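1. The following comprises the amino acid sequence and a computationally predicted model.
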Amino acid sequence: MLSGTRRDLFESVLGTARSASELAEQADLSVQAVYAHLKALEEDGYVMQTGTREGRTRPEKLYRAPESAYVFAAFDGELSERHVELSATHRTMFSILRVPQSEFHAPLLSYLFSAASEWPPTKLVAVYGSVARGSAEEGSDIDLLHVVPDSVALEAELSERYDALTDDSIVDPSLEYGPQRIVSREWFTEAEFDAGLNAGGHFSGNVLREAIALYNPDNLLQKYRETYGRE
């Protein structure tokens with residue numbers, strides 16, 4: 001696993017592209033030393049070159065960390081370590097692990113992978129309420145927000161083709177032993193949810209404040225939080 005200087009450099013290029021000279025100034029290192037660390041990180045798949053930009057005297061290479069995960073697991077008497085770039089499936093799996101109470105991981109995973117084929121095109125699925133806060137009780141429902149593009153005629157879609165999606169869904173914990181869980185779903189277009197936030201709506205504001213994104217390919221939740229100033 002990464003540690004020390006290489007971990008610091010890796011964290012500095014998460015979500016943004018930086019040059020070696022920028023990183024050297026930030027880390028109080030020589031540019032040559034930073035290049036050596038970046039080369040090692042690139043060989044191990046932790047960073048990648050994303051282009052160049054004009055520097056003071058010549059073009060500078062830019063480095064960025066691809067979305068990835070370092071998996072460190074011990075089970076069945078074996079230790080497994082693996083660094084993987086994140087696919088949409090991986091992102092969803094690791095996003096579920098952000099949910100504080102582990103007893104909700106299996107039903108969320110079961111719901112997302114079994115129900116996704118029934119959805120209209122979707123830009124965001126996020127859990128909110130007591131499950132997101134980590135205060136859910138044994139019989140608590142799982143509250144999920146679904147946001148779809150404005151191009152989806154949501155009312156027509158839900159009433160004509162996806163009528164069942166407005167109802168609560170009952171999911172089994174799949175391979176896990178445990179109770180069935182009720183998934184309560186709220187559906188919005190982007191414009192509808194944005195309008196609720198813009199108007200200072202209580203529901204939209206609470207969801208934005210506590211939501212944990214489970215499916216968020218376009219980083220829509222982050223964009224909402226940047227726009228409305230809630231982290």
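-> Yep, that arrived. Keep in mind that this is a model prediction, so the values were computed, not measured.
2. which residues in the chain form helices?
-> Here the chain has its helices, by DSSP state H, at 4-12, 20-27, 31-43, 88-96, 105-115, 130-133, 154-156, 190-198, 202-210, 220-228.
3. Show me what the last one is packed against.
-> It refers to helix 220-228. Helices and strands touching helix 220-228, as assessed by 3 or more CB pairs under 8 Å, 6 or more residues apart in numbering; DSSP states H and E, comprise strand 124-128, helix 190-198, helix 202-210. Heads up, the C-betas are built off the backbone N, CA and C, glycines and all.
4. swap in the first one?
-> Contacts defined by 3+ CB pairs under 8 Å, 6+ apart place helix 4-12 against helix 20-27, helix 31-43.
5. Any regions of this protein where pLDDT drops low?
-> Residue ranges of the chain with pLDDT under 70: 1, 154-168, 172-177, 230-231.
6. buried sites along stretch 48-62?
-> Within stretch 48-62, the residues scored as buried using 16 or more other CB atoms under 10 Å are 48, 60, 62.
7. Please name whichever of the helices of the chain is nearest to residue 78.
-> The minimum distance between residue 78 and those falls on helix 88-96, with 20.0 Å, by CB to CB.
8. Now that closest one: buried residues?
-> Applying a neighbour-count criterion of 16+ other CB under 10 Å, one finds 91-93, 95-96 buried in helix 88-96.
9. Only alpha carbons, please: show that helix as CSV.
-> This file holds the C-alpha atoms of helix 88-96, laid out as CSV (Å, rounded to 0.1, in the frame of the first residue of the first chain):
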residue,chain,number,x,y,z
ALA,A,88,-19.3,1.4,-13.1
THR,A,89,-19.9,-1.9,-11.2
HIS,A,90,-16.9,-1.4,-9.0
ARG,A,91,-17.9,2.2,-8.2
THR,A,92,-21.3,1.0,-7.1
MET,A,93,-19.9,-1.8,-4.9
PHE,A,94,-17.5,0.5,-3.2
SER,A,95,-20.1,3.3,-2.8
ILE,A,96,-22.3,0.9,-0.9
